[in-house]
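Student: 3D, please:
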Amino acid sequence: MYNFTEIQPFDLTSNAFKLIGKDWMLIAAGDKEKSNCMTASWGGFGFLWNKPVVFIFVRPQRYTYHILEEQEYFTLNFFKETYRSILNFCGKESGEFVDKAKECHLDIASTPNNSIAYRQAHTIIECKKLYKEQFNPESFIAQSALEFYLNNDFHYMYIAEISNCFIRN
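Tutor: Predicted coordinates:
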C-alpha cells in the first residue's frame, strides 16, 4: 500500500486503550464495489488460539454489520486527532443512506486480501473473521451493563485474526 510500511502485529507500539477508547477507529467492511465504515470505541487486541487477534462489537441494526456478514476480512483504521470530525460523522450517519467515504473525502485503498482501508489513516489493521456471537442477556454477570441495551439490540462480538498491519511512513 502506497505510503505505508507493513509491520508485524507484535511490532504495534500504540496503547490499545488510548487507540480504541480515546482516539476511536473506523471499522471498514466491503470491497471497492460495496463498502461502508462505522466509528467504534469498543474493542481490543489480544492473543487467542495461538494468533494475534482483535475483537470488535457491532450492533445488528448497523449497516456495516450487514456488509461484515458478506465478507471474510475487514479493516480497523486509526486516525490522528485532526480527523475527529470525520469519526463523529461516520458514527452518526448510516452508510445505507450516505456514502461516508465520499462525503468525508476518504481515499479508499485495497488491502492484500481485497478489503478496503483509508489512505488518511496512520495505522491500518486488516483482520480475518474467526468467530462471531451475539451477547446473551442471561450471560451478563454485571447486570449494570444491560443499561447499554434498553432496546435489546445486543452487540455481535467478532474475534478476528490480524492478517496485516500497516503504519504510515
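Student: ok, now which ones touch the residue most central in space within the chain?
Tutor: When the chain is reduced to its mean C-alpha position, the closest residue under Cα atoms, centre = their mean turns out to be residue 27, at 2.5 Å. Counting by Cβ atoms under 8 Å, 6 or more residues apart in numbering, residue 27 makes contact with 37, 38, 39, 40, 56, 58, 64, 68, 74, 75, 76, 77. The C-beta positions use only the backbone N, C-alpha and C, and glycine is treated the same way.
Student: mind redoing it with 7 Å?
Tutor: By Cβ atoms under 7 Å, 6 or more residues apart in numbering, residue 27 lies in contact with 37, 38, 40, 56, 64, 74, 76.
Student: Quick one: neighbours of the second one, just the number.
Tutor: Spelled out, it's residue 38. By other Cβ atoms under 10 Å, 25 other residues sit near residue 38.
Student: Likewise for the last one?
Tutor: Residue 76: 25 surrounding residues under other Cβ under 10 Å.
Student: can you pull the buried residues of whichever strand or helix holds it?
Tutor: According to DSSP states H and E, residue 76 maps onto strand 73-78. Judged by neighbour count using 16 or more other Cβ atoms under 10 Å, the buried positions of strand 73-78 are 73, 74, 75, 76, 77, 78.
Student: show me what contacts the third one?
Tutor: Residues in contact with residue 75, defined by Cβ under 7 Å, 6+ apart, are 28, 111, 115, 116, 117, 124, 125, 126, 127.
Student: I'm done for today, thanks for sticking with me.
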